[in-house]
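Colleague: Provided below for reference: sequence and predicted model.
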There are 2 protein chains.
Amino acid sequence: MTDGPDFSLADVAREGLIEPSGAEPASHDGTGRVDLAFTIHSLTEGGAEAPPTQRGVRVPPGVTVFDAASWNGIAIDSTCGGHGTCHKCKIRVEGGQVPITRHDVRTFSSEQIAAGWRLGCLVQATRDLTVEVPPLTTRPKAATVGIGRQVILRPALQKRYVELEEATLADQRTDLVRLTDAIEDLELTADLHVLRRLSTVLREADFKVTAVIVDEDLIDVEPGDTTAARYAIAFDLGTTTVVGTLLDVGTGTPLAVTSMLNKQQPFGGDVISRISATMMDKDTLGRLQQAAGATLAELAGQVCREAGIDPAQVYEVAIAGNATMTALALGIDPEPLGVAPFVMSSAQPPSVLASELGLTLHPRARAFFFPALGAYVGGDIVAGMLATGMDRDKRTRLFIDVGTNCEIVLSDGDTILSTAAPAGPAFEGGAIRCGMRAADGAIEVIKLDPNALGEEPAVTLGVIGDVEPRGLCGSGLVDAVAELVRVGLLDSSGRLVPDESAKEIAPALADRMAKVGEERVFLLHRPTPQTEPAECVYLSQRDVRELQFAKAAISTGWTLLLEQLGLEHRDIQQVLLAGSFGSYLSPASAVRIGLVPKLPVLRIVAAGNVAGEGAKMALLSVRERAGAQALLEEVAYVELSDRPDFNDKFVEQLSF
Amino acid sequence: MTDGPDFSLADVAREGLIEPSGAEPASHDGTGRVDLAFTIHSLTEGGAEAPPTQRGVRVPPGVTVFDAASWNGIAIDSTCGGHGTCHKCKIRVEGGQVPITRHDVRTFSSEQIAAGWRLGCLVQATRDLTVEVPPLTTRPKAATVGIGRQVILRPALQKRYVELEEATLADQRTDLVRLTDAIEDLELTADLHVLRRLSTVLREADFKVTAVIVDEDLIDVEPGDTTAARYAIAFDLGTTTVVGTLLDVGTGTPLAVTSMLNKQQPFGGDVISRISATMMDKDTLGRLQQAAGATLAELAGQVCREAGIDPAQVYEVAIAGNATMTALALGIDPEPLGVAPFVMSSAQPPSVLASELGLTLHPRARAFFFPALGAYVGGDIVAGMLATGMDRDKRTRLFIDVGTNCEIVLSDGDTILSTAAPAGPAFEGGAIRCGMRAADGAIEVIKLDPNALGEEPAVTLGVIGDVEPRGLCGSGLVDAVAELVRVGLLDSSGRLVPDESAKEIAPALADRMAKVGEERVFLLHRPTPQTEPAECVYLSQRDVRELQFAKAAISTGWTLLLEQLGLEHRDIQQVLLAGSFGSYLSPASAVRIGLVPKLPVLRIVAAGNVAGEGAKMALLSVRERAGAQALLEEVAYVELSDRPDFNDKFVEQLSF
């Protein structure tokens, strides 16, 4: 024995032997990210070595090499999914030093360790690294999900079929140890409900059983080989619409998709009215919780029936919802979300059983809720960021989820900012005179021809369901305003021009200018020339003001984020318009009214239901799920409501 | 950057910088243990430095310095209880090298680290160490529990009163983060039930609340300061008798103790008959589970009433029971425990809520069950080992819990062996003609005077409750047999001598030799000289055989354990007789019939209800609870039923 360690702390730190701390990233170039250069080896079908391929990826510091690869579609062998237990994710660090763990010591010879071999799931990229990936010994399955995201399948839900030796007096291992010893790449834990069944099932099935595992929790033991049945449901729990997708997590295949209105609708169309409802009457929270559960349960029943699947073989659900929908589904009082300073109980919803939500699936099926960045940048947006790869792209991208509450995320490839803008109910049709949801009969596309002659139509309408128009949905509203601005019937202050000017500017449309009560309107759909204005589908002056305020709030949001990163409109390489509304919105109209930055329309992409895609990714890959968690650390939340410059910017943004 | 690490693996291993593996202990002297030499500094009441004291302790390799100290009553500052989060348990390693962790780097300067300063809860003793403990900054509370065990109070159940700042737009931390930031020495997690209440309680209580914590789980948030009310219940869940002790875990004070018969009694007196009952009728398991819960619930109600405590302020229970009692209380099928090869579902019962057992305490109160070493060395014995410090004593000690199933533990100060011997129902009075439980009317002490004259009593009886004798309990049975052997009325083969011999050997007792049916008996209590033998309390030849088989099974057990460690009877420095039976048993009688090794009676100690004491310790100290867990690794379980030499030994042990 000596009197103490004979090395200095600095030596130790230099060698990188101290357990690295996630809080102290050391980056090469002063940005918040690190670059990993992968050299990927593979074998031809004949088994010969193919020429290696090179891939560069950029990730937040502290991410493991295994995650960095996985998030970018680069497959590395693994069965444990990156938990450090299977010892299969072998990589060689060619450049850069990394610590040695005890798992490395058990896996590699000292020569191999000296040559840079490590287990990839235990190497945290705290600085730039060059990494060599050996040929795969197994062929990983992958699925394309979200916005072209290649997801390597490693679901939290796994099944393992095992044939165990029966116990003897010389081998009295407990039933649980006997089972877990046979699944040595995972460190399983079992709850009481599994233990209650375990000994009976093992013996009745002659010790040939299938372990059902979610993460590292053994949730059931089924007799015989049931590995083919591995189902999960991804939910997009929207304020208005809820979508459920039944997935085979073994293949990534969606087996059935269905949607329905959120049964909370009778309590109010938007999150604020539902929060208010809970404040009026303390029993309302319970009823809203029940309504959310009933919605999810009905969708779950429908997708299982449609696919012919036994609901008891659905072992996990993932739910992407905004902070209010998440709180209500869990029975958490949403009041602090609805009043300043807008505080969540917790960013990270606790792990719950699907049965606690009112779902009748496997009795121990788990429910995963996406975490939230803030009261108004919720789990749906985190899921959307996952599906669009907002944190794994070097491009400068702007993500806008347009709705009553509009969430905005801006990434310059290094820093990611998020914020929420209170757009009001214009986009849901709520405050619009002839507004309606995007359902059959809603006008969603409008073309105006100010100089149409004779039989030429001055107004061309695109109507959902190709039926008689009944109203105007959010995207139709944007189109109507954009077209009226284009033809000059709306001036830049948002005022409908006087009748005299209208006749000069747009002779074919002037007779559409009318009054309903005291308010000036533009008639979009007039069944006959004799129909009273009030009976037509029209856009009113007040409707225009509603949209004007909404688009001002949204554009103020992204303007402030752009300023914060020192960016101009033209720096943005892609705008992603998310949500069901974003899918219908015409990029040209969005640009014209200033809802999105002035950019070529090709840079504006309708991203569709990204929240639901993110939920699918979370079910198909534990690494992607970890990525959603990592977003909470990476993405800064910018609160707009206490910004002193908000009002000035807002007024600037009001004009068209 | 270089091409790879420029140090060899051997260098790294020599420096002890690799995360140490529990599986590879390096010990100084070839024993399985490591020695720690503590130099303990303290301050006088005036604040001056008192002369340091020295203490040596011996612990299993891999135990942390903090645990090693805690288990031996040496206090080191800590608020997190050894979880590595409070950074207070500072110690200096004077001799021997230990790894540096990132927590050390955050806590100490590099000079201090070079001087050997470390956080004691993160230093694993894998080899002998000399450790300096600085004076305490807080005065730890301690309580004496078990067999003279000094327990430093650090219960799993903690309450923390906090006054939080209210949220603002500039500080939108979630309610949970706001609370956990104020309790920074613990890494708390909250489940759904806390999150449902959190925001409401915080706001109604003006952000002045008490966090209720079990381990690192936040189980409730109570308005105002409720830190004074910290209650828990320790249960000894015996096959026959169940004992509940209400504890104030803040002071270690027992507030009320009560006991009652296990409500499972109607299903059979011993574990085998209860296991059999579940095998006959599949509804019986549910009824046994309910009976166990009802017993615990009734005791809990009684101790709370007696102490005037609101049951909702009881936040944790600890339960020490044998493997069958544990399985039945949890509703786990016990069948594999009852048939060869005697396999448990799991050695480690899962964490459950007290409410899942049928207890109405705090709704989120936790129930901790002791883990088991084997199907017949259960959680009650693990608790007993904790209470007697079987693994923390350099003496050679033998622990015997005498009952229908007899558990035996032998420690030579380095190695600990355990086994179970099927003693049969003799000690519970089950198979004994006049047997009864140790209740009022049971003969528990017997003195025989073979040559009593005139009015002198030839038979002196000690009877429980000082009432008319009704039967014979286990300790009375041992006493009766021991006395009959002593006076010569029983020969060494266990046969009652013929009447003629009896008259010669013990003239004053010869008229007590009688027959009931065809069987010879010795009358212990004869109300009148005319009372028919069958109406008396007697010991029959068959009763003697029952005891003979029981004591042979037990002594075969400890004989085989002694042989395995190469020990003689005289090497044993202490015999601990445990269980309620052990408390009544006369050490002299136990020696005389060979139930315990032939030793001076002063070395034989009635240890009392050590299972209950162990349960109290688990409630008062998380370190002691970790110690119970560590016993599973330390103690080897020896299965007797497949030993080829068992039968030979058994026959040898049959004679008195």
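Modeller: Looks like it arrived, so ask away.
Colleague: which residues sit in contact with A:E455?
Modeller: If you count contacts by Cβ atoms under 8 Å, 6 or more residues apart in numbering or on different chains, A:E455 has none. C-beta: built from backbone N, CA, C; applies to glycine.
Colleague: return the distance of it relative to chain B.
Modeller: A:E455 sits at a distance of 58 Å from chain B (criterion: Cβ to the nearest Cβ, to the nearest Å).
Colleague: one more: A:D185?
Modeller: The gap separating A:D185 from chain B is 18 Å, by Cβ to the nearest Cβ.
Colleague: doesn't that residue fall inside a strand?
Modeller: No. Counting by DSSP: H, G, I helix; E, B strand; the rest coil, A:D185 falls outside a strand, being coil.
Colleague: wait, A:D215 touches A:Q158, no?
Modeller: No. With contact defined as Cβ atoms under 8 Å, A:D215 and A:Q158 do not form a contacting pair (9.1 Å).
Colleague: against B:H41, how distant is the residue of the stretch 451-600 of chain A found nearest chain B?
Modeller: Nearest residue of the stretch 451-600 of chain A to chain B (Cβ to the nearest Cβ) works out as A:L560 at 15.0 Å. From A:L560 across to B:H41, the span is 58 Å (Cβ to Cβ, to the nearest Å).
Colleague: the two: who's more crowded?
Modeller: Legend: neighbour count by other Cβ atoms under 10 Å in any protein chain shown for A:L560 and B:H41, higher for A:L560 (21 against 15).
Colleague: need phi/psi at the more buried one.
Modeller: When read as degrees, to the nearest 10, the backbone of A:L560 gives phi -70, psi -40.
Colleague: over to A:E49?
Modeller: phi -80, psi 120.
Colleague: same question, A:A114
Modeller: phi -60, psi -30.
Colleague: next, count neighbours for it.
Modeller: By the measure other Cβ under 10 Å, the count of residues near A:A114 is 17.
Colleague: and if you look at A:D466?
Modeller: Neighbourhood size, A:D466 [other Cβ under 10 Å]: 8.
Colleague: which residues touch A:L560?
Modeller: So A:L560 contacts A:T419, A:V638, A:L640, A:R643, A:D645, A:F646, A:K649 (Cβ under 8 Å, 6+ apart).
Colleague: for the buried ones among those residues, write the corresponding PyMOL selection.
Modeller: Here is the PyMOL command that selects the buried residues among the contacts of A:L560 (16 or more other Cβ atoms under 10 Å in any protein chain shown):
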select buried, chain A and resi 419+638+640+643+646+649
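Colleague: A:E356 should be in a helix, yeah?
Modeller: Yes. Judged by three-state DSSP, A:E356 forms part of a helix.
Colleague: that one against A:A367, yeah?
Modeller: Yes. A:E356 lies in contact with A:A367 (Cβ under 8 Å); the separation is 7.4 Å.
Colleague: if we can go back for a sec, lowest-confidence member of the contacts of A:L560, which is it?
Modeller: Confidence by pLDDT is poorest for A:R643 among the contacts of A:L560, given 81.
Colleague: so which strand or helix has that residue?
Modeller: A:R643 is part of no helix or strand, with elements assigned from DSSP states H and E.
Colleague: who touches it in this structure?
Modeller: A:L560.
Colleague: tell me which element A:A615 falls in.
Modeller: helix A:610-620.
Colleague: so where's chain A shaky on pLDDT?
Modeller: Along chain A, the parts satisfying pLDDT under 70 run over A:1-32, A:95-96, A:428-430, A:580, A:582-583.
Colleague: chain B contacts on the stretch 51-200 of chain A?
Modeller: Neighbours of chain B within the stretch 51-200 of chain A, by Cβ under 8 Å from any Cβ of the partner chain: A:93-97, A:100-102, A:105, A:110, A:113-116, A:167-177, A:190-192, A:195-196, A:198-200.
Colleague: residues near the residue of the stretch 251-400 of chain A found nearest chain B, how many?
Modeller: The minimum distance from the stretch 251-400 of chain A to chain B, using Cβ to the nearest Cβ, falls at A:S346 (4.0 Å). Using other Cβ under 10 Å, the number of residues around A:S346 comes to 25.
Colleague: please identify which helix or strand holds it.
Modeller: Counting by DSSP H and E, A:S346 is found in no helix or strand.
Colleague: now the residue lying closest to it once chain neighbours are set aside: how far from A:A458?
Modeller: In space, and not counting its chain neighbours, A:S346 is closest to B:L176: 4.0 Å by Cβ to Cβ, 6 or more residues apart in numbering or on different chains. Computed as Cβ to Cβ, the B:L176 to A:A458 distance reads 58 Å.
Colleague: alongside chain B, which residues does the stretch 201-350 of chain A contribute?
Modeller: Residues of the stretch 201-350 of chain A lying near chain B (Cβ under 8 Å from any Cβ): A:203, A:330-333, A:335-336, A:340-347, A:349-350.
Colleague: what residues does the stretch 501-650 of chain A have near chain B?
Modeller: Neighbours of chain B within the stretch 501-650 of chain A, by Cβ under 8 Å from any Cβ: A:Y637, A:E639, A:S641, A:D642.
Colleague: the second one is in contact with A:S418, isn't it?
Modeller: No. If you go by Cβ under 8 Å, A:E639 and A:S418 don't touch, sitting 10.4 Å apart.
Colleague: which residues do those two both contact?
Modeller: Among the neighbours of A:E639, those also in contact with A:S418 (Cβ under 8 Å, 6+ apart) are A:G374.
Colleague: show me which of these two is the more surrounded one.
Modeller: Remark: of A:E639 and A:S418, A:S418 carries more neighbours, 25 against 18, as counted by other Cβ under 10 Å.
Colleague: that one contacts A:S411, doesn't it?
Modeller: No. Counting by Cβ under 8 Å, A:S418 stays clear of A:S411, with 9.4 Å between them.
Colleague: OK, contacts around A:V497?
Modeller: For A:V497, the contacting residues are A:G488, A:L489, A:L490, A:D491, A:I505, by Cβ under 8 Å, 6+ apart.
Colleague: what about 10 Å?
Modeller: For A:V497, the contact set (Cβ atoms under 10 Å, 6 or more residues apart in numbering or on different chains) comprises A:L484, A:G488, A:L489, A:L490, A:D491, A:K503, A:E504, A:I505, A:A506, A:A510, A:M513, A:R520.
Colleague: now swap in A:D511 and tell me
Modeller: Neighbouring residues of A:D511 by Cβ under 10 Å, 6+ apart: A:A458, A:D499, A:A502, A:K503, A:L523, A:R526, A:P529.
Colleague: and the gap between it and A:K503?
Modeller: Counting by Cβ to Cβ - A:D511 and A:K503 are separated by 9 Å.
Colleague: checking the most centrally placed residue in chain A next. Helix, strand or coil?
Modeller: By Cα atoms, centre = their mean, chain A has its centre lying nearest to A:A383, at 1.5 Å. At A:A383 the chain is in helix, as set by three-state DSSP.
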